[in-house]
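Undergrad: With the sequence up front, the predicted model follows.
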Amino acid sequence: MRDIVTTRGAGLPQYGKTHLFPLTIHRIMDRVPGQVIDYGIQLMNAPRQWLRSKGENIRVAVLDTGIDRAHPDLKENIRGGYNFLDDNDNYADDHGHGTHVSGIIAGSDNGIGIVGVAPKTQLYALKVLDEKGEGGQEHVIAAINWAFDYGIHLLNLSFGSQKPNAKLRAIMEKANRAGLTFVAAAGNDASKAFTKDSIDYPGRWADLVLTVAAVDRSIKRASFSSQGPELFLAAPGVNILSTYPLNRYVRLSGTSMAAPHITGAVALMMAERRKRSGTLPNPADVRRFMMEHAVAIGDRKDYGYGFFRF
């Protein structure tokens, strides 16, 4: 089953539009047996890193379709959020994408369902996309301003646009200088027609974000994963099990699933660094650490510096 999401015909021309990438829904489940540590988390050796940190006291904003705040695998880690579409505090997820992304980052280690990469990370749901997975870039700009004001450390951006936006870049530059780290999905637009240059914005701004490609359980590039010189790392993004609204679980594929694996890994790294030194790493420190733990696996335009592994 394909969940094809496109931009609206009407929008906000002074800001532009942003949207979810097409993704593949493999299977929706009411429950999973016991508690699952999905293959991607194991390939990244995250459980070994849990001996040092689980993302404690790291604040991660998920700019997406919202989060199901009642989900048993997420509720203990959700600290708040905001709905920038309706300008209120109701950040409920009426699509499912944001809840799935959030579970990959910080699904609780509570004996049921799934475990995220950084199971004690504090989640903030910044709803910038509607039930169709669409939103104006003015919503993204407002959400980044909110994150800046509320002391967020790390932002996950599993969406994109084919056109750059000067105002969005300006606020991301400001946030980056202030110490906020951005992780972005590369996009699901791989095609011979693009000649390995298909990454969407903001992932194309390689100086501001950690742009993530998707690989499968064999650590091979997913056929859909956008390619280009802006790629930074590769992470699992095929048939990923995570949380879904109404207390359910689902397996999805897309670079939207790869990016939160890296967001969770950065949260683990940040938490460990603060435990050891009392300070948080800045974006340049994060970039160096992630590069040092990247295992080269092929063409930079397919995998960036490689597959991240602790």
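TA: Received the coordinates, thanks. Quick caveat: nothing in here was measured; it's all calculated off a predicted structure. Numbering: from 1, shown residues only.
Undergrad: hey, let's count contacts and neighbours off CA atoms from now on
TA: Fine.
Undergrad: What is the neighbour count of Thr24?
TA: Summarising burial for Thr24: neighbours were counted as other C-alpha atoms under 10 Å, giving 16.
Undergrad: Am I right that it is in contact with Gly254?
TA: Yes: with contact defined as C-alpha atoms under 8 Å, Thr24 and Gly254 form a contacting pair (6.9 Å).
Undergrad: helices or strands up against the lengthiest helix in the chain?
TA: For the chain, the longest helix by residue count, based on DSSP state H, is helix 255-277. With contacts defined as 3 or more C-alpha pairs under 8 Å, 6 or more residues apart in numbering; DSSP states H and E, helix 255-277 has these neighbours: helix 97-106, strand 154-157, strand 181-185, strand 209-215, strand 233-236, helix 283-292.
Undergrad: Quick check: buried residues in that helix?
TA: In terms of neighbour count (16 or more other C-alpha atoms under 10 Å), helix 255-277 has its buried residues at 255-274.
Undergrad: how would you label Asp93: helix, strand or coil?
TA: Following DSSP: H, G, I helix; E, B strand; the rest coil, we place Asp93 in the coil state.
Undergrad: What sits closest to it if chain neighbours are left out?
TA: Taking C-alpha to C-alpha, 6 or more residues apart in numbering as the measure, Asp93 lies nearest to Gly66, with 4.2 Å between them; neighbours along the chain are not counted.
Undergrad: And for Gly81?
TA: Distances taken as C-alpha to C-alpha, 6+ apart put Ala125 closest to Gly81, at 4.4 Å, once the chain neighbours are dropped.
Undergrad: The helix or strand harbouring the one you found pairs with which strands?
TA: Mapping Ala125 onto the secondary structure by DSSP states H and E places it in strand 122-127. The strands beside strand 122-127 in its sheet (DSSP bridges) come out as strand 59-64 (parallel), strand 78-83 (parallel).
Undergrad: So for that strand, mean pLDDT?
TA: Averaged across strand 122-127, the pLDDT comes to 98.
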